[in-house]
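# Using only what follows, build the 3D model:
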Amino acid sequence: MKTVRVSFGLLCMVALVVMTTIGCEKKEGGEKAAHQLDRTKEFVTVATGPTSGIYFPIGGAFAEALKSAGYNTSSQATGASAENISMISKGEAELAIAMQDSVMQAYKGFGAYEGKANPKLTACMRLWPNYVQLVTLRKSGIKTVADLKGKRVGVGAANSGVELNARMIYEAYGMTYADSKVDYLSYGEAIDQMKNGQCDAAFVTSGLPNGTIMELATSYDMEIVPIDGAGRDSLIEKYPFFSQTIIPANTYNNTTDVDTVFVYNIMLVNSELSEDVVYDMLTVIFDNISTIKASHNAANKHIDLSFGVEDVRIPLHPGAAKFWQEKGFNTPQN
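Below is the predicted model of the structure:
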């Protein structure tokens, strides 16, 4: 009887080990299957911006980072925020860089997107801050935003991110475009016109430093007009996606800090993509963040896992929300 009891005990132990092993294999296999993704079957178009701007090299770096991990990618030059929002909305891009003020207008349906709300817009991460830079030549006599009255002003291409900024700043200072002779020119075109004496001031919204402004400051007696005082406070109160900041001394030819405002760029993501794909893309992006940081000084300083997503004012894609929550960050819009 003693021998039988021992054998039975051994059989029970063996059975337990076998069952545990099978259970672990099933669990591991299930987890692997849940995260298994054939990246070669995924094509990712990244909508960037004009070839002369910052969006283009940084967006190209995102495409390169994803390509290095097996994704089929393409970075597309565009007119920036407005066109990129349109491309995402139409399913013509998987990722797109856009200024958050433009995105908020499109998401909620106000301003340039009055009556055209798109609540399906989703983001996957915060990018770098864009600084509103109102530039002029000293001979114009423009020292304040109010001095734009009666002047020829380049406000950006119609409905571009720059132009939406200009429109809101005019409003905050109690003005409208009717107070100036506005030209719907890209900031590169407006600055060229300024050199030729055909434009008095230009709005430029971009990361620091902006190459086009640097070129102007090198060859001309350029000044940066401050965005400050009650107008700035009114702007931030009504549109809280703007924040107060400065353009530091010696960024260009400015010997002192200049007051202004900034708005974040964010990375939009096609809401139709699966949760697994978006989660995996973010994993790849941050595994290859050095590629993105090397693309531009603004990316090097401001694109990092540690910054989180609390500044993003629209909902994250579910795959992005999962990624950031697992990293310990709050996702307040989700």
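# if I pick the nearest residue to Gly308 once chain neighbours are set aside, what's in contact with it?
Counting by C-beta to C-beta, 6 or more residues apart in numbering, Gly308 lies nearest to Phe329, which is 4.0 Å off, once chain neighbours are set aside. Quick note: C-beta positions are derived from backbone N, CA and C, even for glycine. Listed by C-beta atoms under 8 Å, 6 or more residues apart in numbering, the contact set of Phe329 reads Gly308, Val309, Glu310.
# Now the first one: phi and psi?
By that I understand Gly308. Per-residue torsions, Gly308: phi 70, psi -160 (degrees, to the nearest 10).
# Could you double-check that it lies in contact with Asn330?
Yes: at 7.3 Å, Gly308 counts as touching Asn330 under the criterion of C-beta atoms under 8 Å.
# Name the residue in those two with the higher neighbour count.
Taking other C-beta atoms under 10 Å, Gly308 and Asn330 do not tie; Gly308 has more neighbours (16 against 11).
# On the pLDDT front, check that one for me.
Looking at Gly308, its pLDDT stands at 95.
# now do Lys2
42.
# Arg5 now?
45.
# what's the answer for the one 4 residues further on, then?
On the pLDDT scale, Gly9 is placed at 46.
# Same question for Met19.
44.
# Lys195 too?
94.
# Spatially nearest residue to it, not counting backbone neighbours?
Leaving out its chain neighbours, Lys195 is closest to Tyr220 (C-beta to C-beta, 6+ apart), at 6.8 Å.
# Ok, Phe62 next?
Val46 (5.2 Å).
# do the same with Asn334
Ala321 (4.4 Å).
# Tell me which residues touch the one you found, please.
Ala321 neighbours (C-beta under 8 Å, 6+ apart): Pro315, Thr331, Asn334.
# Can you lay out those as a markdown table showing pLDDT, neighbour count and distance to Tyr71?
Listed next are those as a markdown table, based on pLDDT from 0 to 100; neighbours: other C-beta atoms under 10 Å; distance: C-beta to C-beta, whole Å:
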| residue | pLDDT | neighbour count | distance to Tyr71 |
| --- | --- | --- | --- |
| Pro315 | 97 | 19 | 24 |
| Thr331 | 95 | 17 | 24 |
| Asn334 | 91 | 17 | 25 |
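# Tell me which helix or strand the residue nearest to Gly308 sits in.
Assigned by DSSP states H and E, Phe329 belongs to no helix or strand.
# roughly how far apart are it and Ala123?
As defined by C-beta to C-beta, to the nearest Å, Phe329 lies at a distance of 13 Å from Ala123.
# wait, doesn't Ala96 sit right on Ile266?
No: applying C-beta under 8 Å, one finds Ala96 not in contact with Ile266, separated by 9.5 Å.
# Wait, a helix at Ile58?
Yes: when DSSP: H, G, I helix; E, B strand; the rest coil is applied, Ile58 is found to be in a helix.
# Give me the secondary structure label for the residue nearest the centre of the chain.
In the chain, the centroid-proximal residue (C-alpha atoms, centre = their mean) is Ile266; its distance is 2.3 Å. Of the three states, Ile266 takes strand under three-state DSSP.
# Which residue is the nearest non-sequential neighbour of it?
Ala123 (4.8 Å).
# How many residues are close by that neighbour?
There are 27 residues near Ala123, going by other C-beta under 10 Å.
# list the contacts for it?
Val103, Ile266, Met267, Leu268, Val269, Val309, Val312, Ile314, Pro315, Leu316, His317, Ala320.
# Columns secondary structure and distance to Pro119 on top of those, output as JSON lines?
Formatted as JSON lines, those follow (DSSP: H, G, I helix; E, B strand; the rest coil; distance: C-beta to C-beta, whole Å):
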{"residue": "Val103", "secondary structure": "helix", "distance to Pro119": "12"}
{"residue": "Ile266", "secondary structure": "strand", "distance to Pro119": "16"}
{"residue": "Met267", "secondary structure": "strand", "distance to Pro119": "18"}
{"residue": "Leu268", "secondary structure": "strand", "distance to Pro119": "13"}
{"residue": "Val269", "secondary structure": "strand", "distance to Pro119": "15"}
{"residue": "Val309", "secondary structure": "coil", "distance to Pro119": "19"}
{"residue": "Val312", "secondary structure": "coil", "distance to Pro119": "15"}
{"residue": "Ile314", "secondary structure": "coil", "distance to Pro119": "9"}
{"residue": "Pro315", "secondary structure": "coil", "distance to Pro119": "9"}
{"residue": "Leu316", "secondary structure": "strand", "distance to Pro119": "14"}
{"residue": "His317", "secondary structure": "coil", "distance to Pro119": "13"}
{"residue": "Ala320", "secondary structure": "helix", "distance to Pro119": "17"}
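# Just the buried residues of whatever helix or strand the residue nearest to Phe62 lives in, please?
Following DSSP H and E, one finds Val46 within strand 43-47. With burial defined by 16 or more other C-beta atoms under 10 Å, the residues of strand 43-47 counted as buried are Val44, Thr45, Val46, Ala47.
# For that strand, give me every contacting residue.
Contacts for strand 43-47 (C-beta under 8 Å, 6+ apart): 59-60, 62-63, 66, 71-76, 78, 83-84, 87-88, 92-97, 281.
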